[in-house]
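Participant: Compute the structure for the input listed below.
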Amino acid sequence: QVQLVESGGGLVQAGGSLRLSCAASLRPFSSYDMGWFRQAPGKERDFVAAISWRGGSTFYADSVKGRFTISRDNAKNTVYLQMNSLKPEDTAVYYCAAEASSVGAGSRSVLAYEYWGQGTQVTVSS
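Facilitator: Presented below is the predicted three-dimensional model:
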């Protein structure tokens, strides 16, 4: 059974930082491009960032470009999202997701991703 488990969420003040992790039971992990999405209450699930299977290509939503960094460690089956200069509007549940690398990295649609984690709450206070 495939599992994606997010961790690292929490409450932080505006301007602060958090690092999210997503541990995946995908085998082999390197066959999957990975993405992060977020969903605020009453809103749709939105694309945040994505990374190709080897980590050579990264993609970001305009709203987080320059503040967030996605990375992966294929030896640890883990993808990360470093979030700096956090803003109250970044408050949401953050989800990691996996898509087969044959699809092509950088997909911004939830429909492109095959596996999802349960999410981790990030709350940024003003």
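Participant: Could you use CA atoms for every contact and neighbour count after this?
Facilitator: Fine.
Participant: The chain: strands as residue ranges?
Facilitator: For the chain, applying DSSP state E gives strands covering 4-7, 10-13, 18-24, 32-39, 45-51, 58-60, 68-73, 78-83, 92-100, 115-116, 120-125.
Participant: Throw the ones you listed into a markdown table and include mean neighbour count and distance to Ser107, thanks.
Facilitator: Converted to a markdown table, the strands of the chain look like this (neighbours: other Cα atoms under 10 Å; distance: least, Cα to Cα, whole Å):
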| stretch | mean neighbour count | distance to Ser107 |
| --- | --- | --- |
| strand 4-7 | 20 | 18 |
| strand 10-13 | 15 | 27 |
| strand 18-24 | 21 | 18 |
| strand 32-39 | 26 | 8 |
| strand 45-51 | 23 | 7 |
| strand 58-60 | 19 | 9 |
| strand 68-73 | 20 | 14 |
| strand 78-83 | 21 | 16 |
| strand 92-100 | 24 | 9 |
| strand 115-116 | 19 | 14 |
| strand 120-125 | 20 | 21 |
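Participant: So which of the ones you listed is nearest Ser109?
Facilitator: strand 45-51 (7.1 Å; Cα to Cα).
Participant: What angle do strand 32-39 and that closest one make with each other?
Facilitator: Angle of strand 45-51 versus strand 32-39, following axes from the mean of the first three to the mean of the last three Cα atoms, to 10 degrees, is 150 degrees.
Participant: still on that earlier bit, quick one: closest of the strands of the chain to Arg108.
Facilitator: Comparing the strands of the chain under Cα to Cα, the one sitting nearest is strand 45-51, at 5.4 Å.
Participant: quick check: mean pLDDT across the closest one?
Facilitator: What strand 45-51 shows for mean pLDDT is 98.
Participant: who touches that strand?
Facilitator: Residues from elsewhere that reach strand 45-51 (Cα atoms under 8 Å, 6 or more residues apart in numbering): 33-39, 57-61, 64, 69-72, 105-110.
Participant: and if you look at stretch 103-117?
Facilitator: Residues contacting stretch 103-117 (Cα under 8 Å, 6+ apart): 2-6, 22, 33-35, 45-47, 49-53, 57-59, 95-100.
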